[in-house]
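Undergrad: Provided below for reference: sequence and predicted model.
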Amino acid sequence: MVEVSAPPDAPERVEIADPEPGRRSRSLVEGATRSGVGAALLLVQLKVLYDSTAWLQVAASLIGFYLVVTGLSLLIRAMFGTRVEPATWLSVAWLGVLLVFVFLQLAGLFDNLTADFANREQPPQFSAHEPLGTDRVGKSVMNQAIQGARVSLVVGIGSVGIGLAVGTIVGLVAGYYRGPAEGTFNILTDSILAFPALILLFTIVAIFGGSVLVVTLALSMLSIPTMGRLARANTLTFAAREFVTAARAMGASNGRILFREILPNVALPLASYAVIIVAVVIVAEASLSFLGVGIDPISTPTWGNMISEGRQQSVLKDAPHIVFVPGVLMFLTVLSLNRVGESLRVLWDPRESKL
Amino acid sequence: MKAIGRSIIRLIPVLLIVSFFTSSYVEFLSGDPAVRLLGLERSQEPGARELVNRELRLDDNVVVRYGKWLGDVVTGDLGESVKTPGLTVASELRSRLPVTLEIALVAQIVALVVAIPLGVYAAYRAGRRVDRALNSMSFAAISVPQFLVGILLVLILFNQLDVLPPQGWTRLTEWDWWDHLQRLIMPVIALALTEIAVFQRLLRADMMATLQNDFVLTARAKGMSPAHILFRHALRPSSFSLVTLAGVSTGRLIGGAVIIEVLFTIPGVGRKMVDSILGNDLVMLQGMVIVVVVAYVLLNLLVEITYAVLDPRIRRG
C-alpha cells in the first residue's frame, strides 16, 4: 500500500514589517468597508436577486463572501498585528457560532418543525418569521438547519472521538511492539481502507438501519484505521528516539514507556489530524443521507437530508434555498474545520515544523 | 524489488478478508432470505426459493460458502443476479466498468492538465498575490462536498443557461459523440474539482522544495528562461508524490464515483453497487465489490512499482 499523507502546505507566515500607524488606520477603514459592502451584497442577493438568475446569485454570493472574509481579515490584522492568522480565527469564530446555536437548540429553541403546507417553498425573507424560508412541506429551513448542525457535530465528533481513542491505542501497540501485532494491524487497516469507503458505510447502514448511533459507529469504522495508521507511523519514529532508550535503561515498564513517554508525543499531532477528519466525516454522513440511506429524514433533519430533499429538479427549480442553506452551512463548517486542523498541525506536528 | 515482493504478499490476506466480509453479508439479513431478496410474491413462485438457495449457497455454513464462492470467482464465474434471473455479474461489469473508468480517467486527466500549470506557477510565485489567491481557492475547493458541486452545476448549466443536459448517459457505442461529450462535462467537473485543488497544493509544496536546489540556481545563472527551468528541469523531480497520489486516487474513483453516478444517473459500477444494496441483490454486490477492490489494490501496487522505477532511492531500499 502506498501511503500518501496530506499535502504539506504550512501557510508561510509572510512577516510584514510593523505597519506604520497611518497604514493601520487605513487598513481598519478598508477592512470595515470591505466587510460592510460584502455583507450588504450577501443580503441583497438573498432579498432582491432571489427571483433573478441563479448564476448571478452565485456570483454575487461569491463576491460578497470574498469581500466579507478579506475585509474581516484586514480588520483582524489591523487590530491584532501580523502574528495572528486571520483565516484561522475566523474559522474558530464560525465554529463557535455554530456551537452557540447548537446549545440554544438543546435548550429548547429552534425546535418547531411543524409542517405548514400553506406556506411551503417560501423563499428566505427577513421580515417574516421564517428568515431562511420553508421547505417542500412548509417546515422551517432555519430550524432544520440548526438541528442538522447538531447531528453533524454529534456524528462527526463522536465517531472521530471513537476513532481517536481506539486508533491511538491500537496504533501505539502496533508501532511499539512491532512483530505479529503490527502485521495483524497492517492487514486489518489495509482491508478496511481497500473497500470503497462509501460502499462500506452504505452496507453497514443498510443492514443496521439509519439511526444516529449506527451512523456514528459506521463512520468510526473508517476513522479507526486512519487514526491508527497515523498513530503507528508516529510511534515508530518516537520509539527509536533516545528518551525512550533512556527510559528503558532506567527500568521503565513497557506500559509506562507507551503511555507516559510516547503517548504524550503522539497525541497532539493526532488530535490535529482528527479535526480534519471530523470535516471528512461530516461530508461522509451527508453523502449517506444524499444516497438515501443514512439518518431518518422525518425524525431527524440533517444537512445531507435537506440537500437530498431539495435536489430533485422540481424543487431545485423553484426553491434552491432548500439546498443552499444547508449546503453553505456545511461548506463553511468543513472549511473552518480544515483551516483549524491545518493550523493546529503546523503548531503541533513536529515533523512539519521548521526547526 | 524485495519491497515489492513483500507488498504483493501483503495483498493476499487483504483480498481474502475483504472478500470474506462481502460474502458474509447475507448472514446479517434478518428474516427469510428468499423473501428479503425477492419480495413476498415472487418468493412463492416455484423454483424461486431454490434459485436463491443455490445462488447464495444457503445450505452451507459461512466458511464453506465462502470457499465455494471463492473457487467460482477464481475460475472466472462471478455469479448471477438473484433479482433478475439470467443477468450475470460479469455481463453487468462488462457494460458498466467502462463507463466508470471513462469518467474517472477523464476526470484525472483534466485535473492533472489544470493542476500542473497552476501548481508550478504557484511555486514560482510563492507568497505573491496569485499564489495566495490560488491557495485560498484550492482550500475552498477541497471543502466543497462533491454533490454540492454537482447540484450547483446542474442549477447553473441546466436550469439557468440550459446548455447541458442535467442527467443521463449515452453510450459510446451509440456513436453520438456530441451528446456523449455533453453528458460527460458536468460529472467530470464535479469529480475533478477536488482533485485539482489537492494536486495543485501537493505539486506546489514539492516544487518549492525543488526550487531550493543548486541545479536550479545554476540553470538560472546560465540564463535559461523561467519556463524552461520550471517545466524542463524542476517539474520531473517534483512530481513523484503527484504521480503516487494521482494513481491512488484513480483507484479510489473507480469505486468512489458513487455520488456523481447517482446524481447524474450514470450507469456505472458505483450506482449498481448502491442499487444492489438497496435491492438486497447480494450476488451482484459481492461481484462488484470484489472487482472494485481488486482493481484498487492492484492499481496501488502498480503505483508502488512505478514509483520504485522512477525514484532509485526506493529501489535500493
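TA: Done, it's in.

Undergrad: Every contact and neighbour count from this point should use C-alpha atoms.
TA: Noted.

Undergrad: Got the domain ranges for chain A?
TA: According to automatic domain parsing, chain A comprises the domains A:19-84, A:141-352.

Undergrad: Could you identify which of the ones you listed has the lowest mean pLDDT?
TA: Lowest mean pLDDT of the domains of chain A: domain A:19-84, a mean of 74.

Undergrad: and that one, how far from the chain's centre?
TA: 23 Å (CA atoms, centre = their mean, to the nearest Å).

Undergrad: and after the helix or strand harbouring A:Leu56, which helix or strand comes next?
TA: Using DSSP states H and E, A:Leu56 falls within helix A:54-80. Reading on from helix A:54-80 to the C-terminus, the next helix or strand found by DSSP H and E is helix A:86-106.

Undergrad: ok and the following helix or strand past that following helix relative to helix A:86-106, angle-wise?
TA: Next along the chain after helix A:86-106, taking DSSP H and E as the criterion, comes helix A:141-177. Orientation check (axes from the mean of the first three to the mean of the last three CA atoms, to 10 degrees): helix A:141-177 against helix A:86-106 gives 120 degrees.

Undergrad: Give me the distance between the two termini of stretch A:187-203.
TA: Stretch A:187-203 stretches 21 Å from its first residue to its last (CA to CA, to the nearest Å).

Undergrad: and residue 307, what helix or strand is that in?
TA: All of this is about chain A. Counting by DSSP H and E, A:Ile307 is found in helix A:303-310.

Undergrad: sorry, should have said chain B
TA: Assigned by DSSP H and E, B:Tyr307 falls within helix B:282-310.

Undergrad: Please apply the same query to A:Asn234.
TA: Here A:Asn234 is assigned to helix A:212-239, by DSSP H and E.

Undergrad: Could you tell me which residues within the helix or strand that that helix is followed by count as buried?
TA: Going down the chain from helix A:212-239, the next helix or strand is helix A:242-249, by DSSP H and E. Neighbour-count burial for helix A:242-249 flags A:Val244 (criterion: 16 or more other CA atoms under 10 Å in any protein chain shown).

Undergrad: Mind giving me the packing neighbours of helix A:242-249?
TA: Using 3 or more CA pairs under 8 Å, 6 or more residues apart in numbering or on different chains; DSSP states H and E as the contact test, no helix or strand touches helix A:242-249.

Undergrad: what's the spacing between that helix and its chain's center?
TA: 38 Å.

Undergrad: Residues contacting it, please?
TA: A:Phe238, A:Ile257, A:Glu261, A:Ile262 (CA atoms under 8 Å, 6 or more residues apart in numbering or on different chains).

Undergrad: now the residues you listed as TSV including distance to chain B and neighbour count?
TA: Output for these, formatted as TSV (distance: CA to the nearest CA, whole Å; neighbours: other CA atoms under 10 Å in any protein chain shown):
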residue	distance to chain B	neighbour count
A:Phe238	21	19
A:Ile257	30	19
A:Glu261	30	18
A:Ile262	27	22
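
Undergrad: what's the most distant pair in those residues?
TA: Largest separation among the contacts of helix A:242-249 by CA to CA: A:Phe238 and A:Ile257, giving 10.7 Å.

Undergrad: quick one on the thing from earlier: in helices, which of the contacts of helix A:242-249 appear?
TA: Among the contacts of helix A:242-249, the members found in helices (DSSP state H) are A:Phe238.

Undergrad: Ends of stretch B:157-166, what's the gap?
TA: By CA to CA, the extent of stretch B:157-166 from end to end equals 8 Å.

Undergrad: Distance from it to the middle of the chain?
TA: Centroid separation for stretch B:157-166 versus its chain: 26 Å, with CA atoms, centre = their mean.

Undergrad: again, but for stretch B:104-124
TA: 18 Å.

Undergrad: Show me what from the stretch 251-355 of chain A comes close to chain B.
TA: A:Val283, A:Ser287, A:Leu291, A:Arg311, A:Leu316, A:Lys317, A:Gly327, A:Phe331, A:Val334, A:Leu335, A:Asn338 (CA under 8 Å from any CA of the partner chain).

Undergrad: wait, what's in contact with the residue in the stretch 101-250 of chain A that chain B sits nearest to?
TA: The stretch 101-250 of chain A approaches chain B most closely through A:Ser191 (4.8 Å), counting by CA to the nearest CA. Neighbour list for A:Ser191: B:Val14, B:Leu15, B:Ile17, B:Val18 [criterion: CA under 8 Å, 6+ apart].

Undergrad: Quick check, central residue of chain A?
TA: With distances taken as CA atoms, centre = their mean, A:Ala279 lies nearest the centre of chain A, 2.9 Å away.
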